[in-house]
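Visitor: what follows is a predicted structure for the sequence shown.
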Amino acid sequence: MNPPRIIVLAAALMLLVIDFSSTATGQIAIDLTDYRKDSGITVRTKDASTLEITWLTSKRIQGEMLIDLRPDEPVIQSLSLKEGRQSAKILATRLDPVTSLTIGQRDKKAFDESFRGMVFFENPRQKPYETFQVKLTQKKVRVSSQGSRTTVSVGEVSAGSFSGHLQFTFNRNSPLIHAEAVMSTKEELRAILYDTGLSSTAPDWNNLVWLDALGNPKRMKVVTNLAARPLAVKFRAIAAESESGAFAVFPAPHQYFYPLDFADNFQFTWIGSGYSKMPAGFGFGIRQPPDGDKRWVPWFDAPANREHHLGVFYLLSPGNGEAALAEVARYTHEDRFKKLPAHRTFSSHYHIEHTVDFLNRQKEQKTDSIPRGLEAPGFVSKFKDTGVEIVHLGEFHHGWTPGQKTPDRLKMLKVMHEECARLSDDEFLLLPGEEPNVHLGGHWMSFFPNPVYWVLNRAASEPFEETIEGYGKVYHVGSSEDILNLMKKENGLMWTAHARIKGSIKFPDGYRDQPFYKSDNFLGAAWKAMPADLSRPTLGWRVLDLLDDMNQWGQRKQVLGEVDVFQVHPDYELYAPMNINYLRLDAIPKFADGWQPVLDALRGGEFFTTTGEILIPKFTIAGKQSGETIPASKGGKAVLEAQLEWTFPLAFAEVISGDGKSIRRQRVDLTDTESFGPRKVRVPVDLSNQKWVRFEVWDIAANGAFTQPVWIQ
């Protein structure tokens, strides 16, 4: 009896869809099978050729988007806002979502030699590539809902060998519209870029508004024949302003940016007419420059037969352009990492090369004092403005550093130590650090709890340790055994830099059985969103998978966030490649007292890592925090409890655990969340036979946060 009832119900749904589409539009089929009104998003046909979407953008303001179902007409008939019982105010009409897709070739040799196809050292820009307009080839509508959001797919799109559909996702009580061209290809080894935005052949908004890279407000009247040009802006956003309000265009703050060695603002937005392969019309939007920093520019990996989301956000505002930009900035806390009680923000792996710059300027200016121009370096103010309280450097990242003679090496170390002390204060701690890359294999970071003098090329006749006037204790290292001995004597930490990619393709896997790796002085590895792949809803899977693997290998290892860029200046787009570690520390250590508490927090797993938009102020499993141990007697049925804060609506969380042989994943659906919320999460988990467990949270823009493991003894 049950199967026939299910069949009848399914048939009834299909009839409902067919009847709705045929009577409402006469031409365009509208599939409402997976639509739910309780999502808070209302979707209905306004007339035979118009689809109307209405939703609350806040408690008192209702948004409206009209989609034109007629062929060869702009997709967005209008965007409007309505406050209370007032009449709706139109922000703009006859808008087309415009996207161009650049398709290039990946390096097959690099791919074959990489770890699981993860490559940084390649340059698709130096191989043949082509840019295509993403064309809407057929309009048809499918509406689906999940939690507090509804997605409206409005048609088929194609560009070169890629094809798919165009969709808009609306979020309850949020001014955001997430527009995406979702596309796939059957071709292997493709690398892609995309530029996107909004355009009109008859724009009815008055001004474009943005902030320059230093945050100065800029405003320009719409000039429809203005030749397209790129812009360097703050917050990666441009707003269009009309008499009734404004609407801004901006990307996912981290996912949109392929990894580079430099964090310059490479003009990630565009304005004007005739940009790239965009159709006729005046527009504005976001762009991915193909040449990047003109070093290694890997673009986005585009695996075959997977859906790649070429996304952008629109934000509707009842205010002017500046108000819209301010609302955009809220989603990244104004590109600043928010302060949390009982936590301190820690960031690692910066090749600023301040020491070499300092010494070179002293020589040029013939002085033994602080060189002119370095009294207050711009990187310090940039870190402070970004909310970073503790910075771990990666100085001396030069090929000649390991071969330095002892006097030259010690002079550089002394300047680094003195400059870190000078530039630190009560609210900011600058810490010496290096990526020495000798004697272990691959690339690795060193970190000591106080200034340490060590030389990297110990000769057979040299002592491991000696005292040198003016420096005190000096170490000489020439092997992995020397390095482990040094780390033990100075209570230091080391870890794999950019594990399984760049210069560490084979590591830490290649030395997992070595004594230095198994020691408590080897922390584990560092996490960064590298490589880039728009078919994934998360970032940095390379190192999150490694974290699981390392803990399956049997040692207790941690993963901290790293940034790994060269130089930092006030006008840089630093937030996009950044992440941050929130250490459980009550206070910032003073440089003069040493910074052992920072290393203790890392070694103890007493921190969480985030791109900044999601915070995990509190987290326990069976009452234990990350880095702590659950007794085996309580390792069966347990409860995960977490306090979450976020800006973009959340997508999902995962509880990941392992037994030494296999990984167990438990997904927690968070699609009922709205923008800007706190929530206490309580999740029953089965930890029977497991040895460790950790927690991740992700939002609709692929921003994420993750904890370190809790151990089960």
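Guide: Everything's here; your move.
Visitor: any idea how far apart the tips of stretch 339-352 sit?
Guide: End-to-end distance of stretch 339-352 (C-alpha to C-alpha, to the nearest Å): 25 Å.
Visitor: please identify the buried residues of it?
Guide: 340, 343-352 (16 or more other C-beta atoms under 10 Å). (Each C-beta comes from the backbone N, C-alpha and C, glycine too.)
Visitor: same thing with stretch 353-372?
Guide: By 16+ other C-beta under 10 Å, the buried positions in stretch 353-372 come out as 353-358, 362, 371.
Visitor: got those as CSV, with distance to residue 524 and secondary structure columns?
Guide: Below are the buried residues of stretch 353-372 laid out as CSV (distance: C-beta to C-beta, whole Å; DSSP: H, G, I helix; E, B strand; the rest coil):
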residue, distance to residue 524, secondary structure
353, 26, coil
354, 27, helix
355, 27, helix
356, 29, helix
357, 31, helix
358, 32, helix
362, 38, helix
371, 38, coil
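Visitor: wait, which of the residues you listed is closest to residue 333?
Guide: Nearest to residue 333 among the buried residues of stretch 353-372, counting by C-beta to C-beta, is residue 354 at 26.8 Å.
Visitor: thinking again about what came up before, now intersect the buried residues of stretch 339-352 with the strands, please.
Guide: 344-348, 350-351 (DSSP state E).
Visitor: among the buried residues of stretch 339-352, which two are most distant?
Guide: Across those, the longest distance by C-beta to C-beta is 27.9 Å; it joins 340 and 351.
Visitor: quick one: contacts for residue 221?
Guide: Counting by C-beta atoms under 8 Å, 6 or more residues apart in numbering, residue 221 touches 206-207.
Visitor: find the residue at the geometric middle of this structure.
Guide: residue 254 (3.1 Å; C-alpha atoms, centre = their mean).
Visitor: I'd like the buried residues of stretch 353-372 as CSV, with pLDDT and distance to residue 504 appended.
Guide: Formatted as CSV, those follow (pLDDT from 0 to 100; distance: C-beta to C-beta, whole Å):
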residue, pLDDT, distance to residue 504
353, 97, 21
354, 98, 24
355, 98, 24
356, 97, 24
357, 98, 26
358, 98, 29
362, 98, 34
371, 98, 34
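Visitor: I'd guessed residue 605 sits against residue 708; true?
Guide: Yes: between residue 605 and residue 708 there is a contact at 3.6 Å, judged by C-beta atoms under 8 Å.
Visitor: touching both of those two, which residues are there?
Guide: Common neighbours of residue 605 and residue 708 (C-beta under 8 Å, 6+ apart) are 558, 626-627.
Visitor: out of the residues you listed, who's the most crowded?
Guide: Among the shared contacts of residue 605 and residue 708, the one with the most neighbours (other C-beta atoms under 10 Å) is residue 558, at 26 neighbours.
Visitor: wait, what's in contact with residue 631?
Guide: Residues near residue 631 by C-beta under 8 Å, 6+ apart: residue 713.
Visitor: quick check: it vs residue 595, distance?
Guide: Counting by C-beta to C-beta, to the nearest Å, the gap from residue 631 to residue 595 is 32 Å.
Visitor: repeat for residue 559
Guide: Per C-beta to C-beta, residue 559 is found 20 Å from residue 595.
Visitor: the two: who's more crowded?
Guide: More crowded of residue 559 and residue 595, by other C-beta under 10 Å: residue 559, with 28 against 22.
Visitor: the more buried one in helix, strand or coil?
Guide: strand (DSSP: H, G, I helix; E, B strand; the rest coil).
Visitor: excluding chain neighbours, what is closest to it?
Guide: Nearest residue to residue 559, sequence neighbours excluded (C-beta to C-beta, 6 or more residues apart in numbering): residue 547, at 4.5 Å.
Visitor: mind listing what's buried along the helix or strand that contains the one you found?
Guide: Assigned by DSSP states H and E, residue 547 belongs to helix 541-553. Residues of helix 541-553 classed as buried: 542-544, 546-552 (neighbour count, 16+ other C-beta under 10 Å).
Visitor: related to what we said a few turns ago, a markdown table please, covering the buried residues of stretch 353-372 and showing distance to residue 296.
Guide: Listed next are those as a markdown table, based on distance: C-beta to C-beta, whole Å:
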| residue | distance to residue 296 |
| --- | --- |
| 353 | 18 |
| 354 | 23 |
| 355 | 24 |
| 356 | 22 |
| 357 | 23 |
| 358 | 27 |
| 362 | 32 |
| 371 | 31 |
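Visitor: tell me the one of these nearest residue 576?
Guide: Nearest to residue 576 among the buried residues of stretch 353-372, counting by C-beta to C-beta, is residue 353 at 21.4 Å.
Visitor: which one is that closest one nearest to, not counting chain neighbours?
Guide: Closest residue to residue 353 apart from its sequence neighbours, by C-beta to C-beta, 6+ apart: residue 395 at 6.4 Å.
Visitor: burial count for that neighbour?
Guide: Applying other C-beta under 10 Å, I find that residue 395 has 23 neighbouring residues.
Visitor: likewise the one 4 residues further on?
Guide: Residue 399: 7 surrounding residues under other C-beta under 10 Å.
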